[in-house]
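Chemist: Predicted model and sequence below, questions to follow.
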There are 2 protein chains.
Amino acid sequence: MTQSTPAAGKDPAGTGPEASVPVPAAASGGPISHAIFRLARLHRMFAGQLLRRIGLHPGQELVMMHLWELGPQRQTDLVRLLDSDAATMTRTIQRLEQAGFVRRRPSPTDKRASLIEPTAASHALRREVEQSWSQLEDLVTAGLSADECTEALSTLERLEQNLVQAAADPTCAAER
Amino acid sequence: MTQSTPAAGKDPAGTGPEASVPVPAAASGGPISHAIFRLARLHRMFAGQLLRRIGLHPGQELVMMHLWELGPQRQTDLVRLLDSDAATMTRTIQRLEQAGFVRRRPSPTDKRASLIEPTAASHALRREVEQSWSQLEDLVTAGLSADECTEALSTLERLEQNLVQAAADPTCAAER
DNA sequence: GGTATTTACTTGTTCGAACAGGTATCTGCT
DNA sequence: AGCAGATACCTGTTCGAACAAGTAAATACC
């Protein structure tokens, strides 16, 4: 926390440009929320750019990584692994299937389910996907020491834990 | 929603190499990237839940906050302020207009542009939106001291800065 | 066995995000 | 003045995310 930008501090009118971080007073009510939002947006954009070259859309690569690693899975398993949505998974699988990266096989034990398995063609992508991930990681952690990385990770996880806990907390009133 | 603990669980040796929790080795290639992804997802979900009650969709509230704060703006200005996309802004404005939160007035000086201004009805939402933002901020920073908040913010901004810089860096080769 | 509930998956919808065009209009340059 | 290029905005498309409903099969219960 040595060279923090004065984002949360002052941003007097007039100077306008603000090339690095656009942060009007609109964000003053939630500087950390806003920072999460901006970081996530940038991060997602980079991931999208990296994935685009290898013919995947953001989100699809996570499905593929799980399939490569764990072998054939039911959609429900993937949903649980990715903490995703069944409807989203249905369409993601459909697109991956149409793209030739995935195949569906009826489950031998459950007529409702089908097993999703990566195709041979998809394995050619595996290295590129993993490479892109580590490239993105390098980008985002540039200039950070190992200790700083650990600390950053712990910070992110702490924030995440706060939200996880809030989701489980009945006082949240965010029930649906 | 129901997300298992990412790092809180100690997960002793056990049997497998990575019998960890939400993601196996798939994330090992980019722990920080993955943490950003998860945090952002949760954060977005919470924001969505809070906004849902007040009749806005995630993203729309940012537009409204800028309009409330800065007064009538052209779409281009909003795009620049939010670092967003012109096409996205067009449709977001259309929906906000249809919802009655925004009005369009032709620009007196530029026949191409129109000025977007918040309606009187929209001002009733302002307090709720700001309240939701600070509520979300409280949620995400729960249990953090002021110092820890500052540090967390600085960490987030540092990661963001890395990506901002990478985007400007020609070695990125991500140019079109 | 027969019914109720849960589970696995699908479809429809709306939304933001991003890319690829397309059309006016404005601006800079000659 | 006239033209090239930039600008402001719109439309079409595909994608993930989330919600709502619905179908079929498995499971639980009586």
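Modeler: In hand now; what should we look at? Numbering: from 1, shown residues only, chains lettered A, B, ... in the order given.
Chemist: anything in stretch A:115-133 near DNA strand D?
Modeler: No - judged by CB under 7 Å from any atom of the strand, stretch A:115-133 stays clear of DNA strand D, getting no closer than 13.4 Å. Glycine gets a C-beta too; all of them are placed from N, C-alpha and C.
Chemist: pLDDT of that stretch, averaged?
Modeler: Across stretch A:115-133, the average pLDDT comes to 93.
Chemist: For that stretch, list every residue counted as buried.
Modeler: Of the residues in stretch A:115-133, those buried by neighbour count under the rule 16 or more other CB atoms under 10 Å in any protein chain shown are A:L115, A:I116, A:P118, A:S122, A:L125, A:R126, A:E128, A:V129, A:E130, A:S132, A:W133.
Chemist: unless I'm mixing things up, the last one is touching B:G29, no?
Modeler: Yes - counting by CB atoms under 8 Å, A:W133 touches B:G29, with 4.2 Å between them.
Chemist: from the buried residues of stretch A:115-133, which are also near chain B?
Modeler: Filtering the buried residues of stretch A:115-133 for proximity to chain B by CB under 8 Å from any CB of the partner chain leaves A:E130, A:W133.
Chemist: Now the two most distant members of the buried residues of stretch A:115-133.
Modeler: Comparing all pairs in the buried residues of stretch A:115-133 by CB to CB, the longest separation belongs to A:L115 and A:S132, at 26.6 Å.
Chemist: coming back round to it: from the buried residues of stretch A:115-133, which is closest to B:A86?
Modeler: A:S132 (27.8 Å).
Chemist: check contacts around that closest one.
Modeler: When the contact criterion is CB atoms under 8 Å, 6 or more residues apart in numbering or on different chains, the partners of A:S132 are A:A47, A:L50, A:L51, A:I54, A:E61.
Chemist: Chain neighbours aside, what residue packs nearest to the fourth one?
Modeler: Computed as CB to CB, 6 or more residues apart in numbering or on different chains, the closest residue to A:I54 that is not its neighbour in sequence is A:E128, at 4.6 Å.
Chemist: What lies in contact with whatever helix or strand A:M65 lives in?
Modeler: In the assignment (DSSP states H and E), A:M65 maps to helix A:60-70. The list of residues contacting helix A:60-70 from outside it, by CB under 8 Å, 6+ apart, reads A:47, A:51, A:56, A:73, A:78, A:81-82, A:89, A:92-93, A:95-96, A:101-102, A:116-118, A:122-123, A:125-126, A:129-130, A:132-133, B:24-26.
Chemist: Helices of chain A, residue ranges please.
Modeler: Using DSSP state H, the helices found in chain A span residues A:31-53, A:60-70, A:75-82, A:86-98, A:120-140, A:146-168.
Chemist: give me the number of residues near the residue in chain A that chain B sits nearest to?
Modeler: Per CB to the nearest CB, the residue of chain A with the smallest distance to chain B is A:A40, at 3.1 Å. Using other CB atoms under 10 Å in any protein chain shown, A:A40 has 19 other residues around it.
Chemist: show me what contacts it?
Modeler: A:A40 makes contacts with B:I36, B:F37, B:L39, B:A40, B:H43, B:R44, as judged by CB under 8 Å, 6+ apart.
Chemist: and those as a markdown table, adding pLDDT?
Modeler: Conversion of these to a markdown table gives the following (pLDDT from 0 to 100):
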| residue | pLDDT |
| --- | --- |
| B:I36 | 94 |
| B:F37 | 92 |
| B:L39 | 94 |
| B:A40 | 93 |
| B:H43 | 94 |
| B:R44 | 93 |
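Chemist: Tell me which of the helices of chain A approaches B:G143 most closely.
Modeler: Nearest to B:G143 among those is helix A:146-168 (6.8 Å), distances taken as CB to CB.
Chemist: ok, and does stretch A:71-88 reach over to DNA strand C?
Modeler: Yes - contact between stretch A:71-88 and DNA strand C is present through A:R74, A:Q75, A:T76, A:V79, A:A86, A:A87 (criterion: CB under 7 Å from any atom of the strand).
Chemist: ranking the residues you listed by neighbours, who comes first?
Modeler: Neighbour max across the residues of stretch A:71-88 next to DNA strand C (other CB under 10 Å) = A:Q75, 19 neighbours.
Chemist: Excluding chain neighbours, what is closest to that residue?
Modeler: Spatial nearest neighbour of A:Q75, excluding adjacent residues (CB to CB, 6+ apart): A:M89 at 5.1 Å.
Chemist: What about that neighbour, how many residues nearby?
Modeler: By the measure other CB under 10 Å, the count of residues near A:M89 is 21.
Chemist: cool, and A:E61?
Modeler: A total of 22 residues lie near A:E61 under the criterion other CB under 10 Å.
Chemist: State the phi and psi torsions of A:G143.
Modeler: Reported as degrees, to the nearest 10, the phi and psi values for A:G143 are phi 80, psi 0.
Chemist: Ok, A:A142 next?
Modeler: As for A:A142, its main-chain torsions (degrees, to the nearest 10) stand at phi -60, psi 130.
Chemist: I'd assumed B:E160 was in contact with it.
Modeler: No - taking CB under 8 Å as the contact criterion, A:A142 and B:E160 are not neighbours in contact, 11.8 Å apart.
Chemist: who has more neighbours, those two?
Modeler: When neighbours are counted by other CB under 10 Å, A:A142 and B:E160 differ, and B:E160 comes out ahead with 24 against 15.
Chemist: For that one, give its distance to DNA strand D.
Modeler: 20 Å (CB to the nearest atom of the strand, to the nearest Å).
Chemist: How about that residue, nearest residue that isn't a chain neighbour?
Modeler: With sequence-adjacent residues excluded and distances taken as CB to CB, 6+ apart, B:E160 is closest to A:L39, at 4.6 Å.
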